[in-house]
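# Pasting the sequence and the predicted coordinates here, then a few questions.
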Amino acid sequence: MPELPEVEVTRRGVADAMAGAVIESVALGKALRWPLGRPPEALHGLRVLAVRRRGKYLLVDLDHGMLLIHLGMSGSLRFEHQAEPQGVHDHFMLMTSKGTLRLRDPRRFGAVVWAASEASQEATRLLGRLGVEPLGQDFTVPGLIAAMQSSRLPIKQFLLGGRAVVGVGNIYASEALFLAGIRPTVRTSSIGPLRARRLHEAIRSVLARAVERGGSTLRDFAGADGNAGHFQLEAHVYGREGLPCRSCGAPIRSMRQGQRSTYYCQHCQKP
């Protein structure tokens, strides 16, 4: 599933190209995870003001309302100046005065939802419970410590929950915990201020580096330019079970946590 870095890479790949574009028509394919919630023709003539991101959602601000786009498990966005015909996996196409935005989603877990505003019921249903942005100014060490002190979850499950900080998905939670030297199974409330500060720094570092490297491509993801991400090539633990730790040489281990694979170094990450 595309995580926050992949969604941010996608946003950067389409935002400038779409700014100021006027919607001329909309083509829908098979049903996605949630309905558009608006007749497609009602979008005709609206202007794209900006493309933002909130967690794993792209927010396309229009001069009337907005579109919330989620890539699901296998979705990818392209903005094409010369659009190709609609393909079998193209389930949303936004034709504009500047080109075509195409959502290609073979597994159809993605969605495009219209909302009147970010404060509307349609938007708050999807965005209302999201934590602070990890790369923004609201993500602070004191705030993280306060949230951690009230949780009895294992630290990796705490991060994946997204209530305290949004968008730290499976890949990047494993990587951040490695950099912070914290075992994924440690109870969150038992982590002291020093290690919490290291975790805060590691989350920011890992996510920023992943954006710089174009995200991670494990199966389906490609950026808006069609290029694969490369962060997975330099991962310290994720997907490296049995391989030597890049820091100490001990074999990387894996386990299951909440139906997800977790990777860690028993030597470098302390309980």
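Sure thing, it's come through. Residues are numbered from 1 along each chain as shown.

# which residues does H64 contact?
L46 (CB atoms under 8 Å, 6 or more residues apart in numbering). No exception for glycine: its C-beta is placed from N, CA and C like everyone else's.

# Which residue, neighbours along the chain excluded, lies closest to L4?
Leaving out its chain neighbours, the residue that sits closest to L4 by CB to CB, 6 or more residues apart in numbering is G167, at 3.1 Å.

# quick one: secondary structure of that neighbour?
coil (DSSP: H, G, I helix; E, B strand; the rest coil).

# Just the CA atoms of whichever helix in the chain runs longest, as PDB, please.
Ranked by residue count, the top helix of the chain under DSSP state H comes out as helix 193-212. This file holds the C-alpha atoms of helix 193-212, laid out as PDB (Å, rounded to 0.1, in the frame of the first residue of the first chain):
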ATOM      1  CA  PRO A 193      12.000  10.900  27.100                       C
ATOM      2  CA  LEU A 194      15.400  10.300  25.600                       C
ATOM      3  CA  ARG A 195      14.300   7.400  23.500                       C
ATOM      4  CA  ALA A 196      11.100   9.200  22.600                       C
ATOM      5  CA  ARG A 197      13.200  12.200  21.300                       C
ATOM      6  CA  ARG A 198      15.300   9.800  19.200                       C
ATOM      7  CA  LEU A 199      12.100   8.300  17.800                       C
ATOM      8  CA  HIS A 200      10.800  11.700  16.900                       C
ATOM      9  CA  GLU A 201      14.000  12.500  15.000                       C
ATOM     10  CA  ALA A 202      14.000   9.100  13.400                       C
ATOM     11  CA  ILE A 203      10.400   9.400  12.100                       C
ATOM     12  CA  ARG A 204      11.200  12.700  10.500                       C
ATOM     13  CA  SER A 205      14.500  11.500   9.000                       C
ATOM     14  CA  VAL A 206      13.100   8.300   7.600                       C
ATOM     15  CA  LEU A 207      10.000   9.900   6.000                       C
ATOM     16  CA  ALA A 208      12.000  12.900   4.500                       C
ATOM     17  CA  ARG A 209      14.600  10.500   3.100                       C
ATOM     18  CA  ALA A 210      11.800   8.300   1.600                       C
ATOM     19  CA  VAL A 211      10.300  11.300  -0.100                       C
ATOM     20  CA  GLU A 212      13.700  12.300  -1.500                       C
END
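
# just checking, what packs against that helix?
The criterion is 3 or more CB pairs under 8 Å, 6 or more residues apart in numbering; DSSP states H and E, and the helices and strands that helix 193-212 contacts are helix 4-18, helix 141-149, helix 170-180.

# Lowest average pLDDT across those?
Note on the helices and strands packed on helix 193-212: helix 4-18 shows the lowest mean pLDDT, a mean of 92.

# between it and helix 193-212, how big is the angle?
40 degrees (axes from the mean of the first three to the mean of the last three CA atoms, to 10 degrees).

# picking that back up, now do the longest helix of the chain against helix 141-149, angle only.
110 degrees.

# For helix 193-212, buried residues please.
195-196, 198-200, 202-204, 206-207, 210-211 (16 or more other CB atoms under 10 Å).
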